[in-house]
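Visitor: Could you work out the structure for the sequence below:
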Amino acid sequence: MDIPFLQLNESNRPFRQEMTEAACRVIESGWYLNGPEKDRFERELAEFCHSTSAAVAVSNGLDALRLIFRALIETGRLRCGDEVIVPANTYIASILPVIEMGLKPVAVEPSEKDFNLDPVRIEEALTERTRAVLVVHLYGYPCWDAAIMQRLRDRGLLILEDNAQAIGAIASSEGFNGTAMTGNLGDAAAFSFYPTKNLGALGDAGAVITPHADIRDCVAALANYGSDRRYHNIYRGYNCRMDELQASFLRIKLRHLDAETAARNAIARIYDAAIKNPEVKRPTFFTDRTVVWHQYPIHTARRDELRKYLASRGIGTDIHYATPPHLQPCMKGVFSEHLPITERLALQEISLPIANISPIQAETIATIINEFK
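Guide: Alright, predicted model coming up:
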């Protein structure tokens, strides 16, 4: 038996013909940057996320976050030294732009129900210098509590989203923009279309969605050398543009994203029903929200043994994430607190195959896990 954790060629196989035609169309057009494919993708992504303002297509998810925080500084919403609440249990990319822009990240422990930033602990971490909260919809779980978020907004805080792993997820309650769709809940959201994502490019790509016109215009200018029109630079900007080829591929895959979400949900339901090993903790299966299952994370105190056992049976797995940001060498001096929940989760997490596997394969994986002693 051989069930790899993820095969990107299989992920893209259903779209090969459409992608080939799109690539030929872009090549023949002679327009490879800032062209019609990007413009259409920006509108289509915004429509998918129920946004009335077009998205800004950018180079990758990290740059999307970087551009958001820089735009918030340029528009006067943030200043150097302001504190930003961030989840302790996340990938380091969520935190790097906060530090880069001269802001202070304040790490908050997760809830063990969905591994996301615990809304109750957010309020406990607030100080007079807190100016923003960055929620990360980890593993495809929406991170949103309408009542608490409204209290934070009433205090004048910005609510930002790292939506790199959760495109298409739907929270249990509406955000501030008339929808419960992640990526359009707060003041600005960053998207990643890294190839392994549910909506993955064939290279790097990302996007920003915001309901605020001045933030959107600032992000768009910053991503294009800081220019609002040709040869007129109002900011000291960057080169963070999405190319036409990636935009054309993403437009194709966006049309099939709902089907991808449904397929991942079906596999997650099989795992939830079939995994019975008492040494393995399954993730919470919610009925009041749509989880898009970027990963299917299980937890066990015997992680290394279980991974080795699964590998011996031909089952590929991964870890998300083995070392949390506050323990990374580059973060020395940034965080001083001990974060026991985050550290324990980092030692116990295993991600099971969730993309491009059949129901029979999912049942087989569950059976093999149940046989682990």
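Visitor: Phi first, then psi, for residue 31.
Guide: Residue 31 has phi and psi values of phi -120, psi 110 when expressed as degrees, to the nearest 10.
Visitor: That one: neighbour count?
Guide: Counted with other CB atoms under 10 Å, the neighbours of residue 31 add up to 12. Where C-beta positions appear, they are placed from N, C-alpha and C, glycine not excepted.
Visitor: go on, residue 285?
Guide: Residue 285 is flanked by 12 other residues according to other CB under 10 Å.
Visitor: ok, now residue 309?
Guide: 16.
Visitor: what separates the lowest-mean-pLDDT helix or strand in the chain from the chain centre, distance-wise?
Guide: Least confident helix or strand, the chain: helix 119-125 with a mean of 91, by mean pLDDT, DSSP states H and E. Taking CA atoms, centre = their mean, to the nearest Å, the mean C-alpha location of helix 119-125 is offset from the chain mean by 21 Å.
Visitor: what residue lies at the spatial centre of the protein?
Guide: By CA atoms, centre = their mean, the chain has its centre lying nearest to residue 164, at 1.9 Å.
Visitor: tell me the SS of residue 9?
Guide: Classification of residue 9 by DSSP: H, G, I helix; E, B strand; the rest coil places it in helix.
Visitor: Residue numbering should commence at 27 henceforth.
Guide: Taking 27 as the first residue, the last one we looked at is residue 35.
Visitor: Return the residues in contact with it.
Guide: Applying CB atoms under 8 Å, 6 or more residues apart in numbering to residue 35 gives no contacts.
Visitor: Show me the shaky parts of the protein.
Guide: For the chain, no stretch has pLDDT under 70.
Visitor: Got the domain ranges for it?
Guide: Split into domains by automatic domain parsing, the chain comes to 34-134+141-280, 283-396.
Visitor: element containing residue 367?
Guide: Secondary structure assignment for residue 367, by DSSP states H and E: helix 366-374.
Visitor: Show me which residues of that helix are buried.
Guide: 367-369, 371-374 (16 or more other CB atoms under 10 Å).
Visitor: try stretch 266-284
Guide: The neighbour-count check on stretch 266-284 (16+ other CB under 10 Å) flags 266-280, 283 as buried.
Visitor: of all the residues you listed, which comes closest to residue 340?
Guide: When the buried residues of stretch 266-284 are compared for distance to residue 340 (CB to CB), residue 279 wins out at 28.4 Å.
Visitor: Next, the contact list for the closest residue to the closest one other than its chain neighbours, please.
Guide: Take residue 279 and drop its neighbours on the chain: the residue closest to it by CB to CB, 6 or more residues apart in numbering is residue 225, 5.7 Å away. Residues near residue 225 by CB under 8 Å, 6+ apart: 193-194, 219, 276, 279-280, 283, 286.
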